[in-house]
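Q: A predicted structure for the sequence below; I have some questions about it.
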Amino acid sequence: MSQDALLRFDGRVAVLQHVTEQQFCDHVLPARLPVVLKGLDIGCAPQQWTPAYLRDLPSSQATLVGVHVSTEPSGCLNFVNRNFVFKTMSLSELVARCTGQKMEPLIGNGERYYLRSIGANPRKEPSSIEKSFPDLARSLNLPQLFPADSEFSSVLRITSPGVRLWTHFDVMDNFLVQIRGTKRVQLWSPDDEENLYVQGSSSEVMDVDDPDLARYPLFAKACRWKCELQPGDVLFIPALWFHNVYTEEFSVSANVFWRQLPKNMYDKKDLYGNRDPIPATEALKAIDAAAAKLLELPNYYRQFYCKRLQRQLGSLVDAGACGECGIE
Ligand SMILES: O=C(O)CCC(=O)C(=O)O
């Protein structure tokens, strides 16, 4: 099926050069749209982090990482059905496996690998590149275009060719910094939540380039935005924007996530930046309780009060969005 036939609007993510912190805060951040930032100083990592450098660094041999391993032929990692297992290996071994070095399979033929780093104390703290990979952190400048005290985590991502990461959203703003290889990113605005068959923070629609429209008909209505990231590029992914990432070749990226809500609105147990903010969690619980109460009424009354409730909730939403894609 032609992908373009599915789209009402084929959005290209805007590209901006040499953005300053002031410009980012005054113009980019308030627009709540994804943007590719070029020309930022991210350090010498794009030149230095060759596969051989990453594999042979003494600390890479000593550093253990938990890796998603999958034999799914399409390469689509699926969080809803979990078509991967976690295996622990050294960073050196991961790089060797991702770059095609012949090694004993861990779970079967056709393995693909995906690292999303976690905290040094994974039950207590979010990922920090500085803490877990200090040698690498020295040659990487993560963009600091936001207040330093709002930083939440920094994440290292290493991917073998042909991996697609499931569509999901995070509740924090995020820079995805491309270091080696290219990545194709597709994004959907929060306004498309109703078309994406979301469970938790992940979409059930796996192969977004060839979706099963008989099963997921509303997906055809969703407007996708696209960009391709080259080494040195930084993608700003605003909180709640859905994203799906495809890596054609060996890829290394890093993220920095930061808070824009007051700290106490985030779930303290959230180490990944993908749990609903506390006021939203409480509101969703209250809606569940309201639904249970309305079920006590006969249908005739229930319909009347459901409509009132819908109107009350609808009046909370700013009516500023325009057009099919909800762009302000
Ligand atoms: O680049 C990737 O592999 C995934 C990026 C991602 O999910 C994120 O930045 O939140």
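A: Ah, there it is. Every value quoted in this text rests on a predicted model; they were computed, and no experiment measured them. Residues are numbered from 1 along each chain as shown.

Q: ok, and the closest non-adjacent residue to residue 302?
A: Distance criterion C-beta to C-beta, 6 or more residues apart in numbering; nearest residue to residue 302, sequence neighbours excluded, is residue 294 at 5.0 Å. Any C-beta I mention is one placed from the backbone N, CA and C, and that applies to glycine too.

Q: I figured that neighbour hits residue 305, correct?
A: Yes - using C-beta atoms under 8 Å, residue 294 is in contact with residue 305, at 5.8 Å.

Q: quick one, strands of the stretch 201-328 of the chain?
A: With strands called from DSSP state E, counting those that start in this stretch, the stretch 201-328 of the chain shows them at 202-203, 224-229, 234-237, 242-247, 251-258.

Q: any chance of the ones you listed in TSV with mean neighbour count, mean pLDDT and distance to residue 218 as columns?
A: Listed next are the strands of the stretch 201-328 of the chain as TSV, based on neighbours: other C-beta atoms under 10 Å; pLDDT from 0 to 100; distance: least, C-beta to C-beta, whole Å:
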stretch	mean neighbour count	mean pLDDT	distance to residue 218
strand 202-203	24	94	11
strand 224-229	20	96	14
strand 234-237	24	98	23
strand 242-247	23	97	13
strand 251-258	24	97	29
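
Q: can you pull the residues of the chain lying near the ligand?
A: With C-beta under 6 Å from any ligand atom as the criterion, the chain meets the ligand at residues 157, 159, 165, 170, 174, 176, 183, 237, 243, 245, 253, 255.

Q: and the two most separated of these?
A: The two members of the residues of the chain next to the ligand with the most space between them (C-beta to C-beta) are 159 and 170, at 17.7 Å.

Q: neighbour count: these two, which is higher?
A: Taking other C-beta atoms under 10 Å, residue 159 and residue 170 do not tie; residue 159 has more neighbours (30 against 22).

Q: residues contacting the more buried one?
A: Contacts for residue 159 (C-beta atoms under 8 Å, 6 or more residues apart in numbering) come out as 98, 113-115, 165, 181, 247, 250-253.

Q: residues near residue 61, how many?
A: Other residues within reach of residue 61, judged by other C-beta under 10 Å, total 13.

Q: hang on, I meant residue 85
A: Neighbour count of residue 85, defined by other C-beta under 10 Å: 12.

Q: not counting sequence-adjacent ones, nearest residue to it?
A: Going by C-beta to C-beta, 6+ apart, residue 85 has residue 69 as its nearest residue, at 5.6 Å.

Q: which strand residues bridge the one you found?
A: Counting by DSSP bridges, residue 69 is bridged to residue 85, residue 113.

Q: could you pull out the helices for the stretch 101-250 of the chain?
A: Secondary structure of the stretch 101-250 of the chain, counting by DSSP state H, counting those that start in this stretch: helices at 129-132, 134-137.

Q: Throw these into TSV and include mean pLDDT, thanks.
A: Below are those laid out as TSV (pLDDT from 0 to 100):
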stretch	mean pLDDT
helix 129-132	96
helix 134-137	96
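
Q: need the ones you listed in JSON lines with mean neighbour count, can you?
A: As requested, those are arranged in JSON lines below (neighbours: other C-beta atoms under 10 Å):
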{"stretch": "helix 129-132", "mean neighbour count": "16"}
{"stretch": "helix 134-137", "mean neighbour count": "17"}
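
Q: now these as CSV including distance to residue 35?
A: Converted to CSV, these look like this (distance: least, C-beta to C-beta, whole Å):
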stretch, distance to residue 35
helix 129-132, 23
helix 134-137, 25
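
Q: of the ones you listed, which approaches residue 212 most closely?
A: That would be helix 129-132 among those, by C-beta to C-beta, at 36.8 Å.

Q: what's the closest one packed up against?
A: Applying 3 or more C-beta pairs under 8 Å, 6 or more residues apart in numbering; DSSP states H and E, we find helix 129-132 packed against helix 134-137, strand 151-159.

Q: any chance of TSV for these, columns distance to residue 48?
A: Converted to TSV, the helices and strands packed on helix 129-132 look like this (distance: least, C-beta to C-beta, whole Å):
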stretch	distance to residue 48
helix 134-137	9
strand 151-159	14
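
Q: sorry, back to before: spit out the contact partners of the residue nearest to residue 302.
A: With contacts defined as C-beta under 8 Å, 6+ apart, the neighbours of residue 294 are 302, 305-306, 309.
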